[in-house]
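Asker: Model the structure of this input:
(chains A, B, C and D)
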There are 2 protein chains.
Amino acid sequence: MAVFTPGQVSEETGFSLDTLRYYERIGLLGNVGRNAAGQRRFTDGDVGWLNMIRCLRDTGMPIAEMLRFAELVRQGDHTIRDRIELLESHDEGVERQIATLRRRQGAIQNKIQYYKDVMAIPQGV
Amino acid sequence: MAVFTPGQVSEETGFSLDTLRYYERIGLLGNVGRNAAGQRRFTDGDVGWLNMIRCLRDTGMPIAEMLRFAELVRQGDHTIRDRIELLESHDEGVERQIATLRRRQGAIQNKIQYYKDVMAIPQGV
DNA sequence: CTGGCACCTGGAGTACGCTCCAGGTCAAGA
DNA sequence: TCTTGACCTGGAGCGTACTCCAGGTGCCAG
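Answerer: Residues are numbered from 1 along each chain as shown, chains lettered A, B, ... in the order given. As a prediction, the model looks like this:
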């Protein structure tokens, strides 16, 4: 079974070494294995989990809620219903986020068009 | 010409009173008028500008860049080309932002589906 | 004339999410 | 043997964007 060094994981997931250690410290990443020298060795499972974290972070989930999710995962299969609920509610949030973004973007594009129209008016006489 | 109290503006724009004062302090909002008692009185123009700020903020523009934009506006019409450039580049950023959000959302939805599939498997014997 | 409310100021404090640092270990290549 | 580079730890520090606070003013309703 493949293992990865911190450097490889950082490369693959886009999280900095410090962030990986930080996530482990706060319990977002539990029980990372070590080699004989005490250096971290990540499993495929760890990398998969980090990719999930990446999705949740990039969609604006606060760390506190990711911790709740991590806790559910740790508690085992009987929490799957709760996990679905958490993710679905987050998914709705993302949908609203995108909708707001689109609306604001529209307003910005109107402003751009307005400026372009202003520029098209002949200046001076 | 209509003027608005801080409370009204806060209500209309969704910015807190403290945030309105903060924006004025850092120069994002220039020259807000005062009544005889020294209380702020906002014009339609101020509210319009705040709505623009709202769009830029909600689409993730950092305050430092909004300050650059405010500076361009203050410098007058000859900066319109620069303003278009700034807004168009921001608009592209928003587009990328939405694309990333959609991609991450897709992954989250896959996870939800995965959990639902797991739940559909008969447990026990 | 007395609350009560909305507002004022300058300055300190807060929340979040990292990010950096000093001092140290270990293994491999020149 | 020496150096280099990746990694280790605990703890401090930082950037962003507000948010809160104490102490005070002005005005209107009862």
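Asker: Do any residues in the lengthiest strand in chain A lie close to DNA strand C?
Answerer: The longest strand of chain A (DSSP state E) is strand A:40-43. No: against DNA strand C, strand A:40-43 shows no contacts by C-beta under 7 Å from any atom of the strand, the least distance being 12.0 Å. Backbone N, C-alpha and C define where each C-beta goes, glycine included.
Asker: nearest residue to the residue sitting nearest the centre point of chain A other than its sequence neighbours?
Answerer: Taking C-alpha atoms, centre = their mean, the centroid of chain A lies closest to residue A:57, which sits 2.1 Å from it. In this structure, residue A:57 finds its nearest non-sequential neighbour in residue A:66, 7.3 Å apart by C-beta to C-beta, 6 or more residues apart in numbering or on different chains.
Asker: what about the helix or strand hosting that neighbour and DNA strand D, any contact?
Answerer: Counting by DSSP states H and E, the element that carries residue A:66 is helix A:63-75. No: under the criterion of C-beta under 7 Å from any atom of the strand, DNA strand D is not reached by helix A:63-75; the shortest gap measures 12.1 Å.
Asker: Which neighbouring elements make contact with that helix?
Answerer: helix A:44-58, helix A:80-120 (3 or more C-beta pairs under 8 Å, 6 or more residues apart in numbering or on different chains; DSSP states H and E).
Asker: Out of the ones you listed, which is the most enclosed?
Answerer: Most buried of these, by mean neighbour count (mean count of other C-beta atoms under 10 Å in any protein chain shown): helix A:44-58, with a mean of 17.
Asker: hang on, residue A:37 in a helix?
Answerer: No: under DSSP: H, G, I helix; E, B strand; the rest coil, residue A:37 sits outside any helix and is assigned coil.
Asker: That one: neighbour count?
Answerer: Neighbour count of residue A:37, defined by other C-beta atoms under 10 Å in any protein chain shown: 5.
Asker: Also the one 4 residues further on?
Answerer: Residue A:41 sits with 16 neighbouring residues when counted by other C-beta under 10 Å.
Asker: dump the residue contacts of it.
Answerer: A:3, A:4, A:5, A:32, A:33, A:34, A:35 (C-beta atoms under 8 Å, 6 or more residues apart in numbering or on different chains).
Asker: so who does residue A:90 touch?
Answerer: A:56, A:59, A:61, A:65, B:108.
Asker: Farthest pair within the residues you listed?
Answerer: By the measure C-beta to C-beta, A:65 and B:108 form the most distant pair in the contacts of residue A:90, at 12.8 Å.
Asker: shared neighbours, these two?
Answerer: Residues touching both residue A:65 and residue B:108 (C-beta under 8 Å, 6+ apart): A:56, A:90.
Asker: Residue A:74 touches residue A:29, doesn't it?
Answerer: No: using C-beta atoms under 8 Å as the test, residue A:74 is too far from residue A:29 to be in contact (11.3 Å).
Asker: can you give me the offset of stretch A:70-79 from its chain's centre?
Answerer: 19 Å (C-alpha atoms, centre = their mean, to the nearest Å).
Asker: Having no further points to raise, I will conclude here.
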